[in-house]
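Visitor: coordinates for the following, if possible.
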Amino acid sequence: MVRLTTRDFNRGMTQNTQQQRTTLVLGGTGKTGRRVAERLAARGRPVRIGSRSGAPPFDWEDRTTWEPVLRDAASVYLAYYPDAGFPGAADTIRAFTRTAERSGVERMVLLTGRGEEGAQRSEQAVRESGLAWTIVRSSFFAQNFSEDFLVEGVRSGAVAFPAGDVAEPFIDIEDIADVAVAALTEHGHAGRLYEVTGPRLLTFAEAIAEIAGASGRRIDYLPISPEEFASALTEHGASVGFATQLTDLLRTVLDGRNTHLADGVQRAVGREPRDFADYARDTAAGVWAS
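Guide: Numbers count the residues shown, from 1 in each chain. Just a heads-up that it's a prediction; the model follows:
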């Protein structure tokens with residue numbers, strides 16, 4: 001007969017309570033957050049979407065919205081908009097993390113980008129907290145070709161981008177979501193940094209060639225200068241400040257520093273990451289066909 005001590009009983013009650021408490025998903029309508037929220041909901045976990053359209057609403061620039069959205073939350077998935085590497089992001093994330101601690105949050109999973117000095121300051125802000133933290137440091141999203149600023153170029157048949165011939169281990173966001181959910185729901189991920197990449201290196205020209213092959217269309221890659229890219233962004237309605245910051249970030253991370261593989265997906269979820277060819281095949285009949 002197994003004897004349960006008071007300590008065993010309390011531990012079980014604490015774990016059960018943590019499972020029932022809410023997970024706040026910041027950026028819950030975005031590329032990674034939406035997938036994280038869907039996976040948590042499928043597991044029966046209470047989820048709160050942190051966005052301007054959420055209930056209650058959340059806005060990074062309005063700190064009065066922070067405490068209401070954190071109420072009763074035990075864990076947080078933090079995808080900072082527009083990017084954890086942008087100027088000022090680390091200070092904002094540090095302030096939010098302190099608010100989360102005061103609100104009773106116990107666990108935080110932070111998404112950042114590889115090779116970004118600003119993102120490393122954001123990581124440090126979370127590391128210095130009293131929370132059980134996990135950092136998911138990501139390579140360039142494959143879904144940027146289908147759910148973000150490169151999709152129109154793919155559809156039009158010409159992708160103009162300031163990446164030259166640098167190679168990148170594109171990561172499928174489905175893998176990021178799996179890693180994040182594991183860190184949010186399982187033991188053994190606290191204090192871990194998972195640098196996540198795809199399984200092979202591709203230049204942007206090679207990636208676009210794979211998309212062209214999967215979709216059965218001609219799509220050209222047009223390498224342009226960062227200045228030309230920034231100008232194109234502003235012509236399409238982006239502010240000068242945003243265009244400058246994004247271009248500066250791309251100039252940094254696409255200088256070759258990220259041209260190597262990492263094993264974060266394997267360490268976090270025990271399997272190989274999805275290949276870019278699988279992403280291209282699965283996406284071809286949908287977004288790019290329209």
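Visitor: now name the helix or strand holding Ser146.
Guide: Here Ser146 sits within helix 144-147, counting by DSSP states H and E.
Visitor: which residue ranges of the stretch 151-290 of the chain form strands?
Guide: With DSSP state E, counting those that start in this stretch as the criterion, the stretch 151-290 of the chain has strands at 158-161, 167-168, 192-196, 202-203, 220-223.
Visitor: of all these, which one is nearest Asp175?
Guide: strand 192-196 (6.3 Å; CB to CB). To be clear about C-beta, it is placed using only N, CA and C from the backbone, and glycine gets the same treatment.
Visitor: that closest one - contacts with which helices or strands?
Guide: Here strand 192-196 touches strand 132-138, helix 173-185, helix 264-269, going by 3 or more CB pairs under 8 Å, 6 or more residues apart in numbering; DSSP states H and E.
Visitor: for these, give me CSV that also has mean pLDDT, distance to Glu117 and mean neighbour count.
Guide: Below are the helices and strands packed on strand 192-196 laid out as CSV (pLDDT from 0 to 100; distance: least, CB to CB, whole Å; neighbours: other CB atoms under 10 Å):
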stretch, mean pLDDT, distance to Glu117, mean neighbour count
strand 132-138, 98, 13, 24
helix 173-185, 98, 21, 23
helix 264-269, 98, 19, 20
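Visitor: of all the ones you listed, which lies closest to Pro46?
Guide: Nearest of the helices and strands packed on strand 192-196 (CB to CB): helix 173-185, 12.1 Å.
Visitor: got the angle for the closest one vs strand 192-196?
Guide: Inter-element angle recorded for helix 173-185 and strand 192-196: 170 degrees (by axes from the mean of the first three to the mean of the last three CA atoms, to 10 degrees).
Visitor: packing partners of helix 173-185?
Guide: By 3+ CB pairs under 8 Å, 6+ apart, helix 173-185 packs against helix 31-42, strand 73-79, strand 107-113, strand 132-138, strand 192-196, helix 264-269.
Visitor: so what touches the helix or strand just after the longest one?
Guide: Put plainly, it is helix 31-42. Sequence-wise, the next helix or strand downstream of helix 31-42 (DSSP H and E) is strand 47-50. With contact meaning CB atoms under 8 Å, 6 or more residues apart in numbering, strand 47-50 is reached by 22-29, 33, 37, 40-41, 54, 58, 69, 73.
Visitor: also stretch 224-236?
Guide: So stretch 224-236 is contacted by 149, 160-162, 240, 242-244, 246-248, 250-251 (CB under 8 Å, 6+ apart).
Visitor: give the PyMOL command for selecting the buried subset of those residues.
Guide: A single PyMOL command is used to select the members of those judged buried by 16 or more other CB atoms under 10 Å:
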select buried, resi 161+162+243+246+247+250
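Visitor: can you list which of the contacts of stretch 224-236 are found in helices?
Guide: Of these, the ones assigned to helices by DSSP state H are 240, 242-244, 246-248, 250-251.
Visitor: from these, pick the one nearest Ala284.
Guide: Leu250 (25.6 Å).
Visitor: contact partners of stretch 278-290?
Guide: 142-143, 145-147, 151, 154-155, 170, 172, 210-211, 213-217.
Visitor: if we go to 6 Å?
Guide: 142, 146, 154, 172, 210-211, 214-215 (CB atoms under 6 Å, 6 or more residues apart in numbering).
Visitor: show me the shaky parts of the stretch 1-150 of the chain.
Guide: Low-confidence segments of the stretch 1-150 of the chain (pLDDT under 70): 1-19.
Visitor: circling back to that earlier point, could you redo the contacts of stretch 278-290 as JSON lines and give each row neighbour count and distance to Glu228?
Guide: Output for the contacts of stretch 278-290, formatted as JSON lines (neighbours: other CB atoms under 10 Å; distance: CB to CB, whole Å):
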{"residue": "Ala142", "neighbour count": "26", "distance to Glu228": "24"}
{"residue": "Ser146", "neighbour count": "22", "distance to Glu228": "23"}
{"residue": "Val154", "neighbour count": "21", "distance to Glu228": "18"}
{"residue": "Asp172", "neighbour count": "23", "distance to Glu228": "29"}
{"residue": "Glu210", "neighbour count": "20", "distance to Glu228": "24"}
{"residue": "Ile211", "neighbour count": "26", "distance to Glu228": "22"}
{"residue": "Ala214", "neighbour count": "19", "distance to Glu228": "28"}
{"residue": "Ser215", "neighbour count": "20", "distance to Glu228": "26"}
